[in-house]
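Peer 1: Turn this into a structure:
(one chain, ligands or ions: 2)
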Amino acid sequence: MSKAITIAQAQRYDAHTINDIGIPSMVLMERAALATFNNLLNDDYDLTRVVVVAATGNNGGDGIAVARLLKIRGINVSIYLLGNPDKASEQTQQQLKIARYYQIPFTTELNDVINATTIIDAIFGVGLSREVTGDFAAAINAINATDASTVAIDVPSGINADTGATLGVAVVADSTTTMAYNKIGLLTVNGKHHAGTVHIADIGVYAQDHVESIK
Ligand SMILES: NC(=O)C1=CN([C@@H]2O[C@H](COP(=O)(O)OP(=O)(O)OC[C@H]3O[C@@H](n4cnc5c(N)ncnc54)[C@H](O)[C@@H]3O)[C@@H](O)[C@H]2O)[C@H](O)CC1
Ligand SMILES: [K+]
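Peer 2: Ligands and ions are numbered 1, 2, ... in the order given. The predicted model follows:
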């Protein structure tokens with residue numbers, strides 16, 4: 001059984017890697033996006049019409065970077081953005097700038113989400129801090145109502161990564177690419193149900209500054 005960590009540990013390891021070791025957050029974000037992208041290709045999803053549903057935190061930034069990687073491969077991808085882009089994190093603002101350079105279409109039509117063949121859930125990761133409501137809840141309900149495949153980034157949105165509890169409403173994903181280590185909440189019955197197959201991505205963030213030897 002591989003190591004599983006808490007939200008606080010994930011945030012501490014991220015901050016240590018960025019602030020003490022000096023690996024820029026954008027490098028970690030790019031590695032997170034590449035890992036998600038590679039799992040998408042390896043897991044053989046129908047990429048005929050891909051929609052990335054993103055909010056404006058770094059989970060959203062991961063998703064917008066995945067959209068760019070798909071676009072460069074000539075895959076039909078659009079972004080359904082939740083929240084106010086002016087309030088986006090610094091990294092996500094940067095990813096939005098890059099996405100605009102590659103002329104990735106942004107849609108505001110929930111129907112585009114419903115008609116996708118594969119949906120990337122980049123709404124909330126370990127930063128989820130309260131009940132999901134409003135447009136966020138409507139998007140998650142639309143995601144769960146489709147027969148599209150759903151791939152979650154880091155944590156299926158709406159799930160508390162410590163307890164596995166559903167905060168109002170949560171994405172039911174076919175698979176989840178979670179960063180660095182599994183999360184203890186994804187080992188619970190409800191967490192497992194929402195996460196689907198969990199892929200753990202090595203993005204250069206380690207508990208003891210190195211990759212523990214694979215036993
Ligand atoms: N930190 C790093 O170097 C890396 C992080 N990765 C990814 O980043 C997310 C964590 O990002 P963060 O910005 O802390 O939060 P989220 O994107 O998970 O949450 C978004 C944002 O939304 C607000 N919020 C919280 N709960 C709600 C709610 N119920 N309704 C509306 N809005 C809500 C809150 O302001 C949050 O900040 C992590 O999961 C990874 O995906 C990289 O993968 C690696 C490097
Ligand atoms: K997510």
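Peer 1: Let's check: the centremost residue of the chain is which one?
Peer 2: The centre of the chain sits closest to residue 153, judged by Cα atoms, centre = their mean, with a distance of 2.2 Å.
Peer 1: tell me the pLDDT at that one?
Peer 2: On the pLDDT scale, residue 153 is placed at 99.
Peer 1: Quick check: phi and psi on it?
Peer 2: Residue 153 has phi and psi values of phi -100, psi 120 when expressed as degrees, to the nearest 10.
Peer 1: List the contacts of it.
Peer 2: Contacts for residue 153 (Cβ atoms under 8 Å, 6 or more residues apart in numbering) come out as 32, 36, 59, 62, 63, 66, 120, 121, 122, 125, 176, 177. Bear in mind the C-beta positions are built from the backbone N, C-alpha and C, glycine included.
Peer 1: The first one: neighbouring residues, count only.
Peer 2: Translated: residue 32. Counted with other Cβ atoms under 10 Å, the neighbours of residue 32 add up to 28.
Peer 1: same question, the one 3 residues further on
Peer 2: Here the number of neighbours of residue 35 (other Cβ under 10 Å) works out to 21.
Peer 1: Quick check: the residue nearest to the centre of the chain vs residue 18, distance?
Peer 2: Noted for residue 153: a distance of 18 Å to residue 18, by Cβ to Cβ, to the nearest Å.
Peer 1: before we move on, what about residue 194?
Peer 2: From residue 194 across to residue 18, the span is 28 Å (Cβ to Cβ).
Peer 1: The two: which is more packed in?
Peer 2: Shown here are residue 194 and residue 18; by other Cβ under 10 Å, residue 194 has more neighbours (25 against 16).
Peer 1: per-residue confidence at residue 209?
Peer 2: For residue 209, pLDDT reads 73.
Peer 1: what's across from residue 81 in the sheet?
Peer 2: Counting by DSSP bridges, residue 81 is bridged to residue 54.
Peer 1: Just to check, it is in contact with residue 105?
Peer 2: No. The criterion here is Cβ atoms under 8 Å, and residue 81 misses it with residue 105 at 11.1 Å.
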